[in-house]
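1. turn this into a model:
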Amino acid sequence: MFARTFIRSVRQIRILPERFTSRPTGRNANQRTLQNFARQAARPAARPLAFRAPIPFLTQHRLLSDETRQAIENAVSAAPVVLFMKGTPETPQCGFSRASIQILGLQGVDPNKFAAFNVLADPELRQGIKEFSEWPTIPQLYVDKEFIGGCDILVSMHQNGELAKLLEEKKVLVEAESEKKE
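-> I've put the predicted structure just below:
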């Protein structure tokens, strides 16, 4: 019913947009053009699933090389708190990396227990860390070899107090003067 109504309504159209300029010539040329237009418009819905384009996330996923995976594992193990960021802690190259560094500073992370890696210096690291963590954005924070999240997760955890608890549990904060004397 829908197809018949659609074809009837298409047949009533006399002027087509300019993008349909390759028209057949001869008798009933206008009628054939409209029928072809209607047939093409109905095709995507009639196309079987087997012939549709593959799902992008399945085709764009590449596997990490063993060397890259090992290098990232070594980097994550380099310190109790590891941040993969754009730029360095002194000169962050994006606002999210800057926010992450500021949050870690506000929390009081001990610089001796912190390592940062500039993903802009190495394209293999930049792509590899995304695949390693299965997280699409940078910066990425690891605490005690466990992936925590990106800047959005870090901000959320900072605001609700979870980040302070986590960092305190892992003993990666700068010790207060009173704790050092005791």
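
2. helices of the chain, start to end?
-> Along the chain, counting by DSSP state H, helices occupy 2-11, 29-46, 56-59, 66-76, 95-107, 123-133, 151-160, 162-169, 177-181.

3. weakest of those by average pLDDT?
-> For the helices of the chain, mean pLDDT drops lowest on helix 2-11, to a mean of 45.

4. report pLDDT for the residue nearest to residue 130 when sequence neighbours are not counted.
-> Nearest residue to residue 130, sequence neighbours excluded (C-beta to C-beta, 6 or more residues apart in numbering): residue 136, at 5.8 Å. (Glycine included, C-beta is placed from N, CA and C.) If you check residue 136, the pLDDT there is 92.

5. burial measure for residue 167, as a count.
-> Neighbours of residue 167 under the rule other C-beta atoms under 10 Å: 22.

6. how about it, what does it touch?
-> When contacts are counted by C-beta atoms under 8 Å, 6 or more residues apart in numbering, residue 167 touches 81, 107-109, 143, 173.

7. and with 10 Å instead?
-> Contacts for residue 167 (C-beta atoms under 10 Å, 6 or more residues apart in numbering) come out as 80-81, 104, 107-110, 113, 143-144, 157, 173.

8. quick one: it from residue 107, how far?
-> The gap separating residue 167 from residue 107 is 6 Å, by C-beta to C-beta, to the nearest Å.

9. kindly report the same for residue 74.
-> 25 Å.

10. neighbour-wise, which of the two wins?
-> Taking other C-beta under 10 Å, residue 74 and residue 107 do not tie; residue 107 has more neighbours (19 against 9).
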